[in-house]
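Trainee: okay, predicted coordinates and the sequence, questions at the end:
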Amino acid sequence: DRIGQPDEPDVAYRAALDGSPGNVPLIRQAADFYLRREKPLEAEPLLRRLCDGSLQGGQEERTWARRNLALILAVRGGAANLELAQDLVQANRLEESDGPADRRTKAMVLAASPDPRAQAEAIAILENLAKSLPAGEARNPEEQFVLARLYLARNQWSKGTAEMRSLLASHADEPRYVAA
C-alpha cells in the first residue's frame, strides 16, 4: 500500500458495495476483508448492517457479524460498548447452541471488562476452551495472550508466566506478545 492511498482491493470492495448495497455475501466478504486488515472502523458499519435484520441474510451471517462486532466494541472499551457487546453475545446464544465460537467471543468480551467477576468468568471459559481442544490442535494465540494477561492482572504469577512462555515459544515474532 502506498502511504495515504487506498489499496486496490479496498477500492474494489467500495465500488462493489456501492453497486450492490444489499448483497449479503459481498457485505460479509468486505467486512471480513477489513477485519483481516485490522480496519475495524471500515468493518463496523458492514457488521451492523448484517446484524440489524434489514438485509435478507441468514442466521449464519447474523451470528458471525454479532461475534465480530462484539469483539470490536469490547476492544474499544467503555461501559456502553461493553454492554452492547454482551447483548450481541447473548443474542447469539439465544439463536444457536453455545458453540466454541460464541464461548470464545463471550470470554474476550468479559476479559475487556473492569469487573473482577467478569474477568474470572473469562478465565474459566478460556481454560475450558483450551481443555476441550482435540489432541495436537494448537491454541489460539490471542486467547492465550488474553488468558496470560488476566492471570497476571489477578496476581496468578505462575499461571500467567507459564501461559506467556508457551505463547512466546510458538509466537516469538509477534511484537505485542514479546513486549508484554
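Mentor: Thanks, I have the structure now.

Trainee: just give the closest residue to Thr63, not the sequence neighbours.
Mentor: Asn92 (4.9 Å; C-beta to C-beta, 6 or more residues apart in numbering). Heads up, the C-betas are built off the backbone N, CA and C, glycines and all.

Trainee: oops, could you answer that again for Lys106 instead?
Mentor: Counting by C-beta to C-beta, 6+ apart, the residue nearest Lys106 is Val89, at 4.8 Å.

Trainee: same question, Ala130
Mentor: With C-beta to C-beta, 6+ apart, the residue lying closest to Ala130 is Arg139, at 5.7 Å.

Trainee: can you name the element that comes right after the helix or strand encompassing the residue nearest to Thr63?
Mentor: Per DSSP states H and E, Asn92 falls inside helix 79-95. Next along the chain after helix 79-95, taking DSSP H and E as the criterion, comes helix 100-111.

Trainee: buried set for the helix or strand following that next one?
Mentor: Next helix or strand after helix 100-111 toward the C-terminus (DSSP H and E): helix 116-131. By neighbour count with 16 or more other C-beta atoms under 10 Å, helix 116-131 contains the buried residues 118-119, 121-123, 125-126, 129.

Trainee: what residue ranges in this structure score low on pLDDT?
Mentor: Within the chain, the segments meeting pLDDT under 70 span 1-6, 97.

Trainee: before we move on, the earlier item: the residue nearest to Thr63 is in contact with Ala65, isn't it?
Mentor: No: Asn92 is beyond contact range of Ala65, at 9.8 Å (criterion: C-beta atoms under 8 Å).

Trainee: what strand or helix carries the nearest residue to Glu96 once chain neighbours are set aside?
Mentor: With sequence-adjacent residues excluded and distances taken as C-beta to C-beta, 6+ apart, Glu96 is closest to Thr63, at 6.1 Å. Thr63 is part of helix 59-76, with elements assigned from DSSP H and E.

Trainee: same for that helix, what does it pack against?
Mentor: helix 24-36, helix 40-51, helix 79-95, helix 100-111 (3 or more C-beta pairs under 8 Å, 6 or more residues apart in numbering; DSSP states H and E).

Trainee: in JSON lines: those helices, plus distance to Ala162 and mean neighbour count.
Mentor: Shown next, in JSON lines, are the helices and strands packed on helix 59-76 (distance: least, C-beta to C-beta, whole Å; neighbours: other C-beta atoms under 10 Å):
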{"stretch": "helix 24-36", "distance to Ala162": "30", "mean neighbour count": "18"}
{"stretch": "helix 40-51", "distance to Ala162": "31", "mean neighbour count": "19"}
{"stretch": "helix 79-95", "distance to Ala162": "28", "mean neighbour count": "17"}
{"stretch": "helix 100-111", "distance to Ala162": "18", "mean neighbour count": "21"}
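
Trainee: nothing else from me, thank you.
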